[in-house]
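coords below, sequence missing:
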């Protein structure tokens, strides 16, 4: 397994690596960006550097969040790396929305493993982001055996919109194995089974069997997976976000958690005057960084 | 004079206003973004809020720097507003590079007043950014007479690449009237008369008379305009910037200042591993913000 380095860009005290590699599960070349903080280059850390995975929203490539979410200042402050996976496989041979609309198909993989034709050959984004990508990154960056970056164990996950769904869903599905130390989300789709974006995506990728949908839906998962104790989930949602009431509905997750061990442990902050853009994300990235840093053992 | 508000977006503690208005000097509608910091909304300032004008580089609209340079955190820290003008008039009726190449014409107004056909009807970007735009903003935002934002007097200027040239040129040309309190630049074209981008732009907009070029060229201006005393100019340049040695040549400005009252007062920092992108700009924005804040009377 190897990565091609398409760019190595100075950013704050570290570097943003623009990479591509072959994914076996997605059956395609995939782009991914990795920000390595100043601590990586200064060798100033005695433990391997932890990682935050940022899953992007509909239409986004690894570039959008790398350029606009401004995680790098926080990564340098606390000493974590950031991985920005793509939102789907890309290329002329990749099946796409027949109407070429942006909410499904290329740029809109929904971080699930498709079981349906013609999608299943390439749209295996769940296995890609939660399994294959971390394993390949670990093999590539820690070849020498002396792990400088911990892509596998001391990791957290977050994301925006469809990527906020992907983060919540992946966190909860892997909660039993303690794969992720913590999870947060920016304006996430929390209840994909019940909103138009999710119904279209799940209907196509997973078919009509709603039990297949339920295994990915955070509002179903909180009912089945017990909180180990004090774990919290942090969510921000802009009040001026045009998708808030139709597609995102963060209140549904709070409602679903009632009577479960997650009740009172999902903090949804509705923030006045913010929309769905990266202006919103970059504003609250410092708060999310501080949240994850605690779980990753990066005290300040 | 009025502005149309196309968007008002929550960003950090303040708001980004996406505006458009009619420019008389450019004979066209122009887009401009204005970031108003948290101090504007909290009415926590006793003096009018100072302004930093950020002039963008080739191809950029007001959106690029607004989204990627990440001035807003610094604006909130010190309490200044940021104005992001466009780089040229736009529209199908605006004359453009015959070969539609990106280094001239639409998106590449070079912040000069064109004297040549067919450019001069619209390409009056010097008068637009240094005269008309500040006056219109002042009239619009301070209608009530009680100025909350000082777009005219307590202002500084900076910019990137072609916009770094525009900032240096406008600062020096207006130095006698003390229009700008300070000037800095990110990877600026410092000697447009002697590099391909400048030769193409100046040749078309200003014609073949090199004396017309000299009135805009920072390397000529430092020889003619005496420094009042302690004023310094701050410049950052990435070592991995592909345009550094061919188009930008910041060393030419240091060389031109030798034997003048600017000698030793132009600080050019060549920063290792940085390129020409907004990753470079956003990394050094905090240092430029601190530099301007001193001149604007915003002590921290």
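Yep, that arrived. Computed from a predicted model, the values in this text were never measured in an experiment.

got a list of what the closest residue to residue A:88 other than its chain neighbours touches?
Nearest non-adjacent residue to residue A:88, counting by Cβ to Cβ, 6 or more residues apart in numbering or on different chains: residue A:109, 3.4 Å away. Where C-beta positions appear, they are placed from N, C-alpha and C, glycine not excepted. Residue A:109 is in contact with A:87, A:88, A:89, A:123, A:125, counting by Cβ atoms under 8 Å, 6 or more residues apart in numbering or on different chains.

hmm, try it at 10 Å
Residue A:109 sits next to A:26, A:55, A:58, A:85-90, A:94, A:119, A:122-126, A:128-129, A:162, A:166, A:201, A:205 when contact means Cβ atoms under 10 Å, 6 or more residues apart in numbering or on different chains.

Residue A:204 too?
Shown in contact with residue A:204 (Cβ under 10 Å, 6+ apart): A:95, A:97, A:98, A:104, A:105, A:108, A:110, A:114, A:116, A:118, A:119, A:123.

at 7 Å what do you get?
A:104, A:116, A:119 (Cβ atoms under 7 Å, 6 or more residues apart in numbering or on different chains).

How about the secondary structure of it?
Assigned with DSSP: H, G, I helix; E, B strand; the rest coil, residue A:204 falls in the helix class.

So which residues on chain A come close to chain B?
Within chain A, the positions near chain B by Cβ under 7 Å from any Cβ of the partner chain are A:9-12, A:15-16, A:67-68, A:70, A:238, A:240, A:273-275, A:277-280, A:282-283.

Is it possible to mark the buried ones in these?
Among the residues of chain A next to chain B, the ones that count as buried by 16 or more other Cβ atoms under 10 Å in any protein chain shown are A:9-12, A:15-16, A:67-68, A:70, A:238, A:240, A:274-275, A:277-280, A:282-283.

Out of those, which sit inside helices?
In helices, defined here by DSSP state H, the members of those are A:67, A:68, A:278, A:279, A:280, A:282, A:283.

which regions of chain A sit below the pLDDT cut-off?
Under the criterion pLDDT under 70, the flagged ranges of chain A are A:1, A:45, A:145-146, A:300.

So for chain A, the centremost residue is which one?
residue A:55 (2.7 Å; Cα atoms, centre = their mean).

doesn't residue A:167 make contact with that one?
Yes: counting by Cβ atoms under 7 Å, residue A:55 does reach residue A:167; the two are 5.3 Å apart.

so what sits against both of these two?
Joint contacts of residue A:55 and residue A:167 (Cβ under 7 Å, 6+ apart) are residue A:159.

follow-up on the earlier one: quickly name whichever of the ones in helices among the buried ones among the residues of chain A next to chain B is closest to residue B:186.
residue A:67 (15.7 Å; Cβ to Cβ).

which ones are touching the closest one?
Neighbour list for residue A:67: B:68, B:278 [criterion: Cβ under 7 Å, 6+ apart].

Repeat the analysis, applying 8 Å as the threshold.
B:67, B:68, B:278, B:279.

Repeat that for residue A:228.
Contacts of residue A:228 (Cβ under 8 Å, 6+ apart): residue A:175.

Please, which helix or strand holds it?
Per DSSP states H and E, residue A:228 falls between elements, in no helix or strand.

now it: how far from residue A:296?
Distance from residue A:228 to residue A:296, counting by Cβ to Cβ, to the nearest Å: 17 Å.

Let's have the contacts of residue A:204 in TSV, adding secondary structure, neighbour count and distance to residue A:195.
Formatted as TSV, the contacts of residue A:204 follow (DSSP: H, G, I helix; E, B strand; the rest coil; neighbours: other Cβ atoms under 10 Å in any protein chain shown; distance: Cβ to Cβ, whole Å):
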residue	secondary structure	neighbour count	distance to residue A:195
A:104	coil	23	13
A:116	coil	14	20
A:119	coil	23	20
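
Pick the one among those closest to chain B.
residue A:104 (25.6 Å; Cβ to the nearest Cβ).

just checking, the closest one touches residue A:199?
No: applying Cβ atoms under 8 Å as the test, residue A:104 and residue A:199 come out as separate, 10.4 Å apart.

which residue packs closest to residue A:140, ignoring adjacent ones?
Nearest residue to residue A:140 in three dimensions, chain neighbours excluded: residue A:3, at 5.1 Å (Cβ to Cβ, 6+ apart).

what's near enough to touch the one you found?
Contacts for residue A:3 (Cβ under 8 Å, 6+ apart) come out as A:19, A:20, A:21, A:32, A:136, A:137, A:140.
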